[in-house]
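1. Need coordinates for the following:
(chains A and B)
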There are 2 protein chains.
Amino acid sequence: MQHPKPAIAIIGGTGTLGSGLAHRLAAAGYRIVLGSRVAAKAEEAARALPAPAGSPPHRGAANEEAAAAGEVVIVTVPWASQAEILDAIAPHVVGKLVVDTTVPLVPPRVARVQLPPEGSAALAAQKRLGPSARVVAAFHNVAAHKLQQDVAIDCDVLIFGDEPKDRAIVAELAKAVGLRGVHGGPLVNSVAAEALTSVLIGINRNYKADGAGIRITGIVTD
Amino acid sequence: MQHPKPAIAIIGGTGTLGSGLAHRLAAAGYRIVLGSRVAAKAEEAARALPAPAGSPPHRGAANEEAAAAGEVVIVTVPWASQAEILDAIAPHVVGKLVVDTTVPLVPPRVARVQLPPEGSAALAAQKRLGPSARVVAAFHNVAAHKLQQDVAIDCDVLIFGDEPKDRAIVAELAKAVGLRGVHGGPLVNSVAAEALTSVLIGINRNYKADGAGIRITGIVTD
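-> Okay, the predicted model is just below:
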């Protein structure tokens, strides 16, 4: 890559998906700013991230401050908190690439697809943040706990966004965490991967699996 | 299997998906009743189906008559014709297993997910046919033209339906055509595979592929 790696803010960065992405991105040389509702929690978690010699230190902060510090902002929060947390970080993500990973799971029936009126959680995020944020949706189908282990993960990352070059940036992040990113088309298509997550939760139960995933077959990617 | 193979009606059976399923199911020993708007077209196509020695002959008929003759009824019609054709066959599928394969593609933007107000084409089918038909949704993601070739197809079939034993019957049909069926949960979850088809159409364009598909990873099936 010709350009330096962007600083990555991870909102809700002390959860399972956020921690997993943070660890793998940090190990790949990205500078991480972990966000949490409670700054002290994020600071503690940031200290535990791998920091290659000579690389700038990772940070932990309140979500708003983390969003302000990140060049790319990854949102890894539960569906029930998405609206509130997006409202909190909205002033700090103007013009930025926001990677929404939210799956609209509605407990207790999380294996049943229950989509929001906006069509998908990512479309809800774009509506909430307004047109100045460049929302891309990704990382819905990866078993989050596996990101925290040093294992190869047999899963592709479908990436949705209206701008191909923003999708390409997220494909690079996917590659950095050891996954293949696949362009899935415009943001409206995010419903496919969001719905698939409920399907995969049901498949895990039905087949007694630990982390079913998906692969796109029949394509050659670089 | 202990039970004899059910007679399979394929509505819209002269289209690409219908023909492909008909050929492979016939080769696997199922008796096929092909349906078409034009009976003569279906009769001609039925004569071209492989008929193992000693097996009962395949038939072609108008869609309504085919539906009446089938024990399992597979509907392979374009989204734009679904409502009209379901209305035509409705009196003939009471109590039967109806396999809906419809993907709600809205030309010209078929690579863009555009879901119907019912939530999915399969839910629209169930609503149209009423509760006496047992609707299961499947075969959305397989590249239809590949079914007509004598090739292995690297794709799983997600199967959605409210009754596990109906899904199991469809899994057997998937196996007969050389594909692995995976239980995807209740009919409401069909939106995942339907939306994914538009995503795969976009992936075919984007990656210059001939028939991208999907695999569910991390599970063991029999």
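
2. Next, the distance between the ends of stretch A:26-39.
-> In stretch A:26-39, first residue to last residue: 19 Å (Cα to Cα, to the nearest Å).

3. ok, now which ones touch the spatially most central residue of chain A?
-> Against the mean C-alpha coordinate of chain A, by Cα atoms, centre = their mean, the closest residue is residue A:101 at 4.1 Å. By Cβ atoms under 8 Å, 6 or more residues apart in numbering or on different chains, residue A:101 lies in contact with A:17, A:74-76, A:137-140. The C-beta positions use only the backbone N, C-alpha and C, and glycine is treated the same way.

4. Helices of chain A, start to end?
-> A:16-27, A:39-47, A:63-69, A:79-89, A:121-129, A:144-147, A:164-176, A:190-206 (DSSP state H).

5. which of those helices sits most buried?
-> Ranked by mean neighbour count, those are led by helix A:190-206 with a mean of 25 (mean count of other Cβ atoms under 10 Å in any protein chain shown).

6. could you say what helices and strands it packs with?
-> helix A:121-129, strand A:134-137, strand A:213-217, strand B:180-185, helix B:190-206 (3 or more Cβ pairs under 8 Å, 6 or more residues apart in numbering or on different chains; DSSP states H and E).

7. Reformat the ones you listed as JSON lines; add distance to residue B:212.
-> Shown next, in JSON lines, are the helices and strands packed on helix A:190-206 (distance: least, Cβ to Cβ, whole Å):
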{"stretch": "helix A:121-129", "distance to residue B:212": "21"}
{"stretch": "strand A:134-137", "distance to residue B:212": "19"}
{"stretch": "strand A:213-217", "distance to residue B:212": "6"}
{"stretch": "strand B:180-185", "distance to residue B:212": "17"}
{"stretch": "helix B:190-206", "distance to residue B:212": "5"}
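
8. Of those, which is nearest residue B:64?
-> Residue B:64 lies closest, by Cβ to Cβ, to one member of the helices and strands packed on helix A:190-206: helix B:190-206, at 24.8 Å.

9. and that closest one, average pLDDT?
-> In this model, helix B:190-206 carries a mean pLDDT of 98.

10. Report the angle between it and strand B:180-185.
-> Angle, helix B:190-206 to strand B:180-185, by axes from the mean of the first three to the mean of the last three Cα atoms, to 10 degrees: 130 degrees.

11. If the residue nearest to residue A:38 when sequence neighbours are not counted is in a bridge, with which residues?
-> Once flanking residues are discounted, residue A:38 sits nearest to residue A:62: 7.7 Å by Cβ to Cβ, 6 or more residues apart in numbering or on different chains. Residue A:62 forms beta bridges with residue A:36, as assigned by DSSP bridges.

12. so which of the helices and strands packed on helix A:190-206 gets nearest residue B:124?
-> helix B:190-206 (10.0 Å).

13. got the angle for the closest one vs strand A:213-217?
-> Interaxial angle, helix B:190-206 versus strand A:213-217 (the same axes, to 10 degrees): 40 degrees.

14. State the distance from residue A:163 to residue A:174.
-> Noted for residue A:163: a distance of 16 Å to residue A:174, by Cβ to Cβ, to the nearest Å.

15. okay, stretch A:171-187 in PDB with CA atoms only?
-> What follows is stretch A:171-187, C-alpha atoms only, in PDB (Å, rounded to 0.1, in the frame of the first residue of the first chain):
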ATOM      1  CA  ALA A 171     -12.000  -5.000   1.900                       C
ATOM      2  CA  GLU A 172      -8.500  -4.000   2.900                       C
ATOM      3  CA  LEU A 173      -9.600  -4.000   6.600                       C
ATOM      4  CA  ALA A 174     -11.100  -7.500   6.100                       C
ATOM      5  CA  LYS A 175      -7.900  -8.700   4.600                       C
ATOM      6  CA  ALA A 176      -6.000  -7.300   7.500                       C
ATOM      7  CA  VAL A 177      -8.000  -9.400   9.900                       C
ATOM      8  CA  GLY A 178      -7.500 -12.500   7.800                       C
ATOM      9  CA  LEU A 179     -10.800 -12.600   5.900                       C
ATOM     10  CA  ARG A 180     -11.700 -12.200   2.300                       C
ATOM     11  CA  GLY A 181     -13.900  -9.200   1.500                       C
ATOM     12  CA  VAL A 182     -16.400  -9.500  -1.300                       C
ATOM     13  CA  HIS A 183     -18.100  -6.500  -2.900                       C
ATOM     14  CA  GLY A 184     -21.900  -7.000  -2.300                       C
ATOM     15  CA  GLY A 185     -23.200  -4.000  -4.100                       C
ATOM     16  CA  PRO A 186     -25.000  -0.900  -2.800                       C
ATOM     17  CA  LEU A 187     -25.900  -0.300   0.900                       C
END
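
16. Please report how far residue A:145 lies from residue A:206.
-> From residue A:145 to residue A:206 the distance is 19 Å (Cβ to Cβ).

17. And residue A:22, by the same measure?
-> For residue A:22, the distance to residue A:206 equals 31 Å [Cβ to Cβ].

18. Over to residue A:109?
-> Shown here: residue A:109 relative to residue A:206, a distance of 15 Å by Cβ to Cβ.

19. tell me what the helix or strand bottoming out on mean pLDDT in chain A is packed against?
-> For chain A, the helix or strand with the lowest mean confidence is helix A:144-147, at a mean of 94 (criterion: mean pLDDT, DSSP states H and E). Using 3+ Cβ pairs under 8 Å, 6+ apart as the contact criterion, the elements in contact with helix A:144-147 are helix A:16-27.

20. now the angle from the helix it packs on to helix A:39-47?
-> Helix A:16-27 runs at 40 degrees relative to helix A:39-47, counting by the same axes, to 10 degrees.

21. quick one: contacts of helix A:16-27?
-> Helix A:16-27 is contacted by residues A:8, A:10-13, A:32, A:34, A:45, A:49-52, A:58, A:74, A:76, A:101, A:139, A:142, A:144-148, A:173, A:176-178 when judged by Cβ under 8 Å, 6+ apart.

22. ok and that helix relative to helix A:164-176, angle-wise?
-> Using the same axes, to 10 degrees: helix A:16-27 against helix A:164-176 is 80 degrees.

23. Distance of the residue nearest to residue A:38 relative to chain B?
-> From residue A:62 across to chain B, the span is 35 Å (Cβ to the nearest Cβ, to the nearest Å).

24. Same question for residue A:94.
-> 27 Å.

25. ok, that residue to residue B:200 distance?
-> Applying Cβ to Cβ, the value for residue A:94 to residue B:200 is 34 Å.

26. Hmm, residue A:75 and residue A:15 touching each other?
-> No. Contact criterion Cβ atoms under 8 Å: residue A:15 and residue A:75 do not qualify, at 10.8 Å.

27. If you count surrounding residues, which of those two has more?
-> Higher neighbour count among residue A:15 and residue A:75: residue A:75, with 30 against 17, using other Cβ atoms under 10 Å in any protein chain shown.
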